[in-house]
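just a sequence and a predicted model for now, questions to come.
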Amino acid sequence: MSFLQPWLLALLPLLLVPLIIHLINQWRYQTKRWGAMMFLLTANRMARGYAKLRQWLILAARMAAIAGLVFAISRPLASGLMGMAASGRPDTSIVLLDRSPSMEAKSLGGAESKLETGRRQLRQALSTIGSKRWVLVDSATDQPREFEKLEGLLESPQTEPFGASSDIPGMLQKAAAYLAANRPGPTEIWICSDLRTSDWQPDSPIWSVVREQLLQFPKNVRFHLIAYPDAATDNRSIRVTSARRERTAQGIDLVLSWVVRRDSVEGKNDLPAIQIPVEIEIEGSRSQVEMEVAGPQAQWNEHRIRLDGDTQRGWGKVSIPADANPADNTFYFVFDAPPPRRALLICQDDAASAPLALAAGIPPQTEQQSDAQQLPWGDTQSIDWQEVGLLIWQGTMPQGDRAKEIERFVSSGGSLMLFPPTAENWNAGNSGTPFLGVQWDAWKPLQPVALIDQWRGDSDLLAATRSGAALPVGQIELSGIGTWKGDAVALASLADRTPVLSRIPTDRGSVYLCSASPLESDSNLARQGIVLYAMIQRAIEQGTLSLGRTRGIDAGSLATSSPSNIDLEGWQALGISGSSLSSEIGFQPGVFQSEKNLIAINRSNLEDQPDSVSPEQIDKLFEGLPLTKVEQKTGSASSLVREVWRLFVMLMIAALIAEAILCMPRRPVAKEALR
């Protein structure tokens, strides 16, 4: 039980007043024995048990009446969610509102989304509790914003849905910074979310930092989590997996591929086949196809649409009919004539360059231009970096000015693949200054021949093909491998966890570290061919994206890494969903045009995954912090917090009535009954 005026509970000792009066009344008279009245005592013994009970009931009724009055004026709070409010009226209320696309989901037959339900219930709870200061941590900027009135906070455009995933740990970190800068009094932090893993990022190292920051504050900071974990029923989503412009003998085609996903219906995994109309719109021109979806997912590959002969680039969207969540029913795309796929090779060992150049020089599409050029060892001065998608560097790590040039190339969006020196050329130079945080360590012979045991087949360079076929990564044989020291994420490794292919973390661009040598004497990487070709061509494609005039990005990704060649201020919206606030450009799905680029912004792939954090994970993330958790249903009409002082007023009235009845004199006994 919580109270808005807890200081009035100090009046509870008044409960003793009836008891004290009763005791004083008992002590007012002294007992004097009088023989003539002794018979009256004997007669009274027959009624003493009832008299004492009646006195105790009167005393209890009077004490209950006082208790009811004290509790009523203390304004107690209760509902099905006992204890949602902290003791007393808070000085500051901070709201962290999850506005991600998954929060737009509605329950079966419901008219209200999770976000709308959360805003309504927050309004009811916060208006009941009251506060001196209202603060909203904006999901787009993660910056706290103060409001003079609660209505201004919950009616702000910054509480409307948008297309990016929420960063719950980042928002908590900003809330902690606000508390440290302002040092308010009793504070409540309200988190409203559907607990999606993409928003909470439970494995992020930021959580340990945030928890340490919040533990520094006194215990008058409390946390309330209002969760809406119920999944949308029979929801469908669509996502474009490929959009390219292709020249054929008959003309120019736009080739589209997309995937449609379905959520289970009432927990049933056996989904019947259904027909879903898919509408395709290209700059105002619409067409429609009927797509059969059997099971949880269906793929439509290589759908061709004839373009006008002079169309060089453009944009469009695919959409499906409205369902439980309108935020995942539309996906935008852009297309352009592909830029030349150019790769540069700088190899210390000539024998290693041949298979690498062959894999880089063959384009995956016949109409694409591809060029693989080999430069002398260490020569980077003659390179026009503005035309290069991938740099393959085989040998000792770059040093000095060469390293700085390559770092600038990566930071501009280019791709870099590092291969080790061969065993014959391994020398002490590999233990020099690290490059991008890594350096070669030693050449490790493998006897007998080792096979790759684990690899990431769901994403990155070793992902399955568009048809779903897995790459034969497990068939790669290694008789030797170059080990390294530093910080990188393994994408493929041996059975003893020795990494074979790793990715070096960067703010922009892609850097891969391949520990396997392409020489025939060291591995079958070149002879097997398929894996090496897929790795290099995918790396070229990633780097070429920075050279083209069109690209697709996830909503919100520009907030953490704004590319230097994209001017956010100069964007013009060609097609957009949701809010058009200038502060949220880059967070809303749509197509935008800058001076040179067309950019399609969509929800991230993680938003289509139904994974949620578990209650055990929530407890671990908030370990040591005072947290109240409440799960709600989408569209629920219940209140998070409700004043129940009326209940105690009724209790007081009932106690007074009972006391009055007990105090009524007994009815006189008729004389006939005494005869």
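Thanks, I have the structure now.

which residues in the stretch 351-500 of the chain form helices?
All helices of the stretch 351-500 of the chain, identified by DSSP state H, counting those that start in this stretch, fall at 400-411.

typed the wrong thing, it's the stretch 151-300 of the chain
168-182, 197-200, 206-215.

other residues contacting the last one?
So that's helix 206-215. Defining contact as Cβ atoms under 8 Å, 6 or more residues apart in numbering, one finds that helix 206-215 is touched by 169-170, 172-173, 176-177, 180, 201, 221, 621-625. For glycine as for every other residue, the C-beta is placed from the backbone atoms N, C-alpha and C.

between these, which is nearest residue 507?
residue 170 (16.0 Å; Cβ to Cβ).

surely that closest one touches residue 143?
No. Using Cβ atoms under 8 Å, residue 170 makes no contact with residue 143, being 10.6 Å away.

the two: who's more crowded?
For residue 170 versus residue 143, neighbours defined as other Cβ atoms under 10 Å are more numerous around residue 170 (18 against 13).

against residue 138, how distant is the more buried one?
Distance, residue 170 to residue 138, using Cβ to Cβ, to the nearest Å: 11 Å.

hmm, residue 357 and residue 533 touching each other?
No. Counting by Cβ under 8 Å, residue 533 sits too far from residue 357 to count as a contact (11.9 Å).

average pLDDT across stretch 550-557?
The average pLDDT within stretch 550-557 is 83.

what's in contact with it?
140, 162-165, 313, 332-336, 545, 586-589, 597-605.

let's go with 6 Å and repeat that
163-164, 313, 334, 336, 545, 587, 598-601, 603-604 (Cβ atoms under 6 Å, 6 or more residues apart in numbering).

give me the pLDDT for the most centrally placed residue in the chain.
The centre of the chain sits closest to residue 199, judged by Cα atoms, centre = their mean, with a distance of 0.4 Å. For residue 199, the pLDDT comes out at 91.

contacting residues around it?
Per Cβ under 6 Å, 6+ apart, neighbours of residue 199: 98, 100, 165, 166, 168.

tell me how many other residues crowd the last one.
Which is residue 168. Residue 168: 28 neighbours (other Cβ under 10 Å).

what of the fourth one?
Residues lying near residue 166 (other Cβ under 10 Å) number 27.

from residue 602, how far out is it?
From residue 166 to residue 602 the distance is 16 Å (Cβ to Cβ).

do the same with the last one
Applying Cβ to Cβ, one obtains 21 Å for the distance of residue 168 from residue 602.

before we move on, the earlier item: just name the most buried of the helices of the stretch 151-300 of the chain.
Greatest average neighbour count among the helices of the stretch 151-300 of the chain goes to helix 197-200 (a mean of 22), per mean count of other Cβ atoms under 10 Å.

just the CA coordinates of that helix, formatted as CSV?
Extracted as CSV, the C-alpha positions of helix 197-200 are listed here (Å, rounded to 0.1, in the frame of the first residue of the first chain):
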residue,chain,number,x,y,z
THR,A,197,15.3,-7.8,-27.6
SER,A,198,16.2,-5.3,-30.4
ASP,A,199,15.2,-2.4,-28.1
TRP,A,200,16.7,-3.7,-24.8
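
what distance separates it from the middle of the whole chain?
Relative to its chain's centre, helix 197-200 lies at 2 Å (Cα atoms, centre = their mean, to the nearest Å).

then stretch 171-181?
Centre to centre, stretch against its chain (Cα atoms, centre = their mean), the figure for stretch 171-181 is 18 Å.

for stretch 186-196, same thing?
The answer for stretch 186-196 is 13 Å, by Cα atoms, centre = their mean.

same check on stretch 193-202?
Distance, centroid of stretch 193-202 to centroid of chain: 4 Å (Cα atoms, centre = their mean).

got the end-to-end distance for that stretch?
14 Å (Cα to Cα, to the nearest Å).

what secondary structure does the nearest residue to residue 170 once chain neighbours are set aside sit in?
Among residues not flanking residue 170 along the chain, residue 142 sits closest, at 5.0 Å (Cβ to Cβ, 6 or more residues apart in numbering). With DSSP: H, G, I helix; E, B strand; the rest coil as the basis, residue 142 sits in coil.

burial count for residue 142?
Residues near residue 142, counting by other Cβ under 10 Å: 18.

now residue 299
Residue 299 has 14 nearby residues by other Cβ under 10 Å.

for residue 609, same thing?
Residue 609, neighbours per other Cβ under 10 Å, totals 13.

measure the closest residue to it other than its chain neighbours to residue 93 for me?
Spatial nearest neighbour of residue 609, excluding adjacent residues (Cβ to Cβ, 6+ apart): residue 198 at 6.8 Å. Distance, residue 198 to residue 93, using Cβ to Cβ: 26 Å.

can you give me the buried ones in stretch 320-332?
Within stretch 320-332, the residues that qualify as buried are 320, 323, 324, 325, 326, 327, 328, 329, 330, 331, 332, counting by 16 or more other Cβ atoms under 10 Å.

oh, I was asking about stretch 276-296
276, 278, 280, 281, 282, 291, 293.

for the nearest residue to the fifth one once chain neighbours are set aside, give me phi and psi.
The one in question is residue 282. Distance criterion Cβ to Cβ, 6+ apart; nearest residue to residue 282, sequence neighbours excluded, is residue 316 at 3.8 Å. Here is the backbone geometry of residue 316 (degrees, to the nearest 10): phi -170, psi -170.

so what's the residue count around residue 343?
27.

what about residue 538, which SS state?
helix.

pLDDT wise, what is the closest residue to it other than its chain neighbours at?
In space, and not counting its chain neighbours, residue 538 is closest to residue 461: 5.0 Å by Cβ to Cβ, 6+ apart. Per-residue pLDDT puts residue 461 at 90.

numbering from 51 from now on, please.
Sure thing, new numbering starts at 51, so read that last one as residue 511.

right, and residue 511 touches residue 586 too?
No. Between residue 511 and residue 586 there is no contact under Cβ atoms under 6 Å: 8.6 Å.

closest to residue 436 among the contacts of helix 256-265?
residue 220 (33.9 Å).

quick one: low-confidence ranges for the stretch 501-650 of the chain?
516-517, 609-620, 628-633 (pLDDT under 70).

oh sorry, the question was meant for the stretch 51-200 of the chain
Ranges of the stretch 51-200 of the chain meeting pLDDT under 70: 51-101, 120-139, 158-159.

do that again at 80, thanks
For the stretch 51-200 of the chain, applying pLDDT under 80 flags the ranges 51-139, 157-161, 177-181, 189-192.
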